[in-house]
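> quick check, what structure comes out for this input:
(one chain, ligands or ions: 1)
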Amino acid sequence: MAIKIKTLSGYFHEYQKSVVNPEQFWSQQAEEFFWRKKCDTILDWNFEEPKIEWFKGGKLNLTENIFERQIFTRKDQVAIVWEPNNPDEDSISLTYSQLFDKVKQFSNVLLSLGVKKGDRVALYMPMIPELAIAMLACARIGAIHSIIFAGFSSTSLADRIIDAQAKIVIATDGGYRGAKTIPIKSIVDEALEKCDSVEKVIIKKRTGENISMKSGRDIWWDDICQGVSTENTAEILDAEDPLFILYTSGSTGKPKGVLHTTGGYMVYTSYTFRNVFQYSQGDVFFCSADIGWITGHSYIVYGPLLSGATTLMFEGIPTWPEAGRFWDIIEKHQVNQFYTAPTAIRALMALGNKFVEEKAMNSLKVLGTVGEPINEEAWHWYHDHVGKNKCPIVDTWWQTETGGILISPLAGITPTKPSYATLPLPGIQPVILDNEGKELQGNSVEGNLCIKFPWPGMARTLYGDHERFKLTYFSTFKNQYFTGDGVKRDEDGYYRILGRVDDVINVSGHRMGTAEVENAINEHPRVVESAVVGYPHEIKGQGIFAYVVCNDMDDTTSEKGIIKSIKIGVNNIIGPIAKPDKILIVSGLPKTRSGKIMRRLLRKIAANDFTNFGDISTLLDPGVVEEIIEKSKAK
Ligand code: WTA
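Take a look at the predicted model:
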């Protein structure tokens, strides 16, 4: 394994090197990997087009770096530990050599179906080992995987399949989630009514429920794998060939297909995994995210496996069959590093200390959080009760677009401060800009978080829409990657993420575009228009508050009925994660004379703050605000 940073002075030293000569720094990090051909250029970039190319001309296959490169030393080491939803079902361990065989076999299956380098394969699966096997098989043959979180509705699934023009869909019959089962296959069937690009659907049996298989299109995973060889030679790719597309929400309605490429992502996820979590050989790493999100891509599958780690995949939810499930898993599998979201911590904290205090969890060395700001109370509870005062917490800030962690403590090395992501990792050059784009130098400043220099793991484009990539990330501030987050740098130079400054909200660690939710609400036949904002929510971080204008409202209309049907509609169009927590039916929205909704007012009202509205003289009809306040107070 490559060298790890071990001390704080070591960190500062590496950081300095990475800023003075980034090309040399990253080319050294790339050296440990197996390249079929070394690259011609380490970095070619400009943030204007934008163009970002790392290790261009380098030839490799990422799965050769997981398997062929490590197989002699790790053959019998466990690669994936799988913990099922139901604790009474057996867990499964796959060694590197067993996983390798399964990946090679499934690669051959995909090839036999005519999947070629560059083709898109959509994965809509629960957290079972076959999800990891399928994604690695795509990487092995050079197909681009696009994983869609299995909580999304059929409409969301269809939108993503159509945008990616996926040729193959891989799914299951159903999925378990706590006490519930999800009818995965029937959601796929519904979605595919609209998707012409899909030729074959591969179904792994999980729940055994009754499903219909469309002849000529649908194939059982187990049938098609029958007798298929486990001999397979990896497709050799260029470092800049796409590895995957992952859709994420933006401030406009349509989800964005964030595209990551092979070489840079490989180097970056592996480097950050080892250093942030201080993973040591033999440790068991448990990231509780779903592989349908970037955290699962980078820190359940790619980062750990590229580092020869044992990674734990959990199918279920933290509160089933009871609220001690995470702690049971940590004890059962002797987990050493545990990585989860603040929402889960807050939810478990609210259920009391009983479950966590019953467990010693002596194996734990490091705790991590990701996805949203962690409040101090949750940080302390995590530290004191889960980590028993002996595990450093790494509060890791990053995004789907960044590929891997950018700002975070190194576990046990960087002194932590509750709710601070602390310092940038080597290779990351954050800057804070005011709204006019002026850089705020020095400490004790607050503004827009940008990154001024590329790093290998960053996204290269939005699939099929480079213009939107440029517009979203590189146009707000010239020659800067704009993250969309607000940030504070304190007197010690430590970074604290303050939350989104755009129209994106963060609900339970899930990114949600307010426009996306509005579009779904507006589909309701009675809705004229709507405005969605986030508001502080004790458990979820932010809740979804929707102001809705409906037609034909009279005294006899049941607001309750409309609100209920709007919620059902959003659930069907996007999925349960987008369902508004609160809906207020109003007769108009506060708009300026140029027609822009004054969202800052709506945010204040949603937060139950009815004071200091500032300048509202540009409003077309200030009376609307009075009505909204009255109605809101009455609720
Ligand atoms: C937020 C998740 C505060 C942030 C990896 C970012 C955080 C968005 C943190 C990306 C953190 C992520 N502290 N906020 N440690 N980590 N965020 O794309 O607003 O799902 O822009 O990636 O989550 O969410 P995404």
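> what residues are up against the residue in the stretch 301-450 of the chain that the ligand sits nearest to?
Distance from the ligand to each residue of the stretch 301-450 of the chain (C-beta to the nearest ligand atom) is smallest for residue 400, at 3.4 Å. In this view, the C-beta of every residue, glycine as well, is placed from N, C-alpha and C. Counting by C-beta atoms under 8 Å, 6 or more residues apart in numbering, residue 400 touches 246, 248, 258, 293, 294, 459, 511.
> and it, backbone torsions?
For residue 400, the backbone dihedrals (degrees, to the nearest 10) come out as phi -50, psi -40.
> can you put the contacts of residue 400 in JSON lines and add neighbour count, pLDDT and secondary structure?
Formatted as JSON lines, the contacts of residue 400 follow (neighbours: other C-beta atoms under 10 Å; pLDDT from 0 to 100; DSSP: H, G, I helix; E, B strand; the rest coil):
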{"residue": "246", "neighbour count": "27", "pLDDT": "98", "secondary structure": "strand"}
{"residue": "248", "neighbour count": "20", "pLDDT": "94", "secondary structure": "strand"}
{"residue": "258", "neighbour count": "24", "pLDDT": "98", "secondary structure": "strand"}
{"residue": "293", "neighbour count": "21", "pLDDT": "97", "secondary structure": "coil"}
{"residue": "294", "neighbour count": "26", "pLDDT": "98", "secondary structure": "helix"}
{"residue": "459", "neighbour count": "26", "pLDDT": "98", "secondary structure": "coil"}
{"residue": "511", "neighbour count": "22", "pLDDT": "91", "secondary structure": "strand"}
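> so which of these also contact the ligand?
When contact is defined as C-beta under 6 Å from any ligand atom, the contacts of residue 400 meet the ligand at 248, 293, 294, 511.
> pipe those into CSV and attach distance to residue 14 per row.
Below are those laid out as CSV (distance: C-beta to C-beta, whole Å):
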residue, distance to residue 14
248, 30
293, 28
294, 24
511, 30
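> which pair in these spans the largest distance?
The span of these, defined through C-beta to C-beta, is set by 294 and 511 at 9.8 Å.
> which neighbours do these two have in common?
In contact with both residue 294 and residue 511: 248, 400, using C-beta under 8 Å, 6+ apart.
> in the stretch 1-150 of the chain, what residue comes closest to the ligand?
For the stretch 1-150 of the chain, C-beta to the nearest ligand atom, closest residue to the ligand: residue 149, 10.5 Å.
> list the contacts for residue 477?
Contact analysis of residue 477 by C-beta under 8 Å, 6+ apart lists 433, 437, 448, 450.
> excluding chain neighbours, what is closest to it?
Leaving out its chain neighbours, the residue that sits closest to residue 477 by C-beta to C-beta, 6 or more residues apart in numbering is residue 437, at 4.8 Å.
> next, the contact list for residue 302, please.
62, 265, 266, 269, 270.
> and if we set it to 6 Å?
When contacts are counted by C-beta atoms under 6 Å, 6 or more residues apart in numbering, residue 302 touches residue 269.
> can you tell me how far it sits from residue 33?
13 Å (C-beta to C-beta, to the nearest Å).
> can the helix or strand residue 273 falls within be said to contact the ligand?
Assigned by DSSP states H and E, residue 273 belongs to helix 262-277. No: contact of helix 262-277 with the ligand (C-beta under 6 Å from any ligand atom) is absent, the minimum separation being 11.3 Å.
> what is that helix packed up against?
The elements that helix 262-277 packs onto, with contact taken as 3 or more C-beta pairs under 6 Å, 6 or more residues apart in numbering; DSSP states H and E, are helix 22-30, helix 303-306.
> how about 7 Å then?
Helix 262-277 sits against helix 22-30, strand 51-56, helix 62-66, helix 303-306, strand 393-396, with contacts defined as 3 or more C-beta pairs under 7 Å, 6 or more residues apart in numbering; DSSP states H and E.
> mind listing what's buried in the second one?
Spelled out, it's strand 51-56. 52, 53, 54, 55, 56 (16 or more other C-beta atoms under 10 Å).
> and the stretch 201-350 of the chain, which residues reach the ligand?
248, 293, 294, 295.
> deepest in the core, which of the helices and strands packed on helix 262-277 is it.
Highest mean neighbour count of these: helix 303-306, a mean of 27 (counted as mean count of other C-beta atoms under 10 Å).
> that one packs against which elements?
By 3+ C-beta pairs under 7 Å, 6+ apart, helix 303-306 packs against helix 62-66, helix 262-277.
> residue of the stretch 501-635 of the chain nearest the ligand, please.
Counting by C-beta to the nearest ligand atom, the stretch 501-635 of the chain gets nearest to the ligand through residue 511 (4.5 Å).
> my read: that residue touches residue 249, true?
Yes: Residue 511 lies in contact with residue 249 (C-beta atoms under 7 Å); the separation is 4.7 Å.
> mutual contacts of the two, please.
Common contacts of residue 511 and residue 249 (C-beta atoms under 7 Å, 6 or more residues apart in numbering): residue 504.
> what segments of the stretch 351-500 of the chain are helices?
Secondary structure of the stretch 351-500 of the chain (DSSP state H, counting those that start in this stretch): helices located at 354-357, 376-381, 466-473.
> in TSV: the ones you listed, plus mean pLDDT, mean neighbour count and distance to residue 188.
Shown next, in TSV, are the helices of the stretch 351-500 of the chain (pLDDT from 0 to 100; neighbours: other C-beta atoms under 10 Å; distance: least, C-beta to C-beta, whole Å):
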stretch	mean pLDDT	mean neighbour count	distance to residue 188
helix 354-357	95	16	36
helix 376-381	97	17	36
helix 466-473	97	17	27
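> and for the residue of the stretch 401-550 of the chain found nearest the ligand, the neighbour number?
Per C-beta to the nearest ligand atom, residue 497 is where the stretch 401-550 of the chain lies closest to the ligand, at 3.6 Å. A count of nearby residues for residue 497, using other C-beta atoms under 10 Å, gives 20.
> cool, and residue 266?
Using other C-beta under 10 Å, residue 266 is surrounded by 29 other residues.
> what's the spatially closest residue to it that is not a sequence neighbour in contact with, if anything?
Nearest residue to residue 266, sequence neighbours excluded (C-beta to C-beta, 6+ apart): residue 62, at 5.0 Å. Applying C-beta under 7 Å, 6+ apart, we find residue 62 in contact with 139, 243, 262, 266.
> closest to residue 276 among these?
residue 266 (16.4 Å).
> beta partners for the residue of the stretch 401-550 of the chain closest to the ligand?
Applying DSSP bridges to residue 497 gives these bridge partners: residue 487.
> and the pLDDT at it?
As predicted, residue 497 sits at a pLDDT of 97.
> that one touches residue 373, doesn't it?
Yes: Residue 497 is in contact with residue 373 according to C-beta under 7 Å; the separation is 5.6 Å.
> up against the ligand, what does the stretch 451-600 of the chain have?
Proximity of the stretch 451-600 of the chain to the ligand, by C-beta under 6 Å from any ligand atom, involves residues 483, 484, 485, 497, 499, 500, 506, 511.
> out of those, which is most surrounded?
Of all those, the highest neighbour tally under other C-beta under 10 Å goes to residue 483, namely 25 neighbours.
> wait, that one touches residue 447, no?
No: between residue 483 and residue 447 there is no contact under C-beta under 7 Å: 11.4 Å.
> hang on, the earlier thing: and which of the residues of the stretch 201-350 of the chain next to the ligand is nearest residue 469?
For those, the nearest to residue 469 is residue 248 (12.2 Å; C-beta to C-beta).
> who are the contact partners of that closest one?
Contacts for residue 248 (C-beta under 7 Å, 6+ apart) come out as 255, 256, 258, 400, 511.
> what helices or strands is the strand or helix carrying residue 139 leaning on?
Element membership for residue 139, per DSSP H and E: helix 129-141. Packing partners of helix 129-141 (3+ C-beta pairs under 7 Å, 6+ apart): helix 62-66, strand 78-83, helix 96-112, strand 120-124, strand 144-147.
> perfect, I'm done here.
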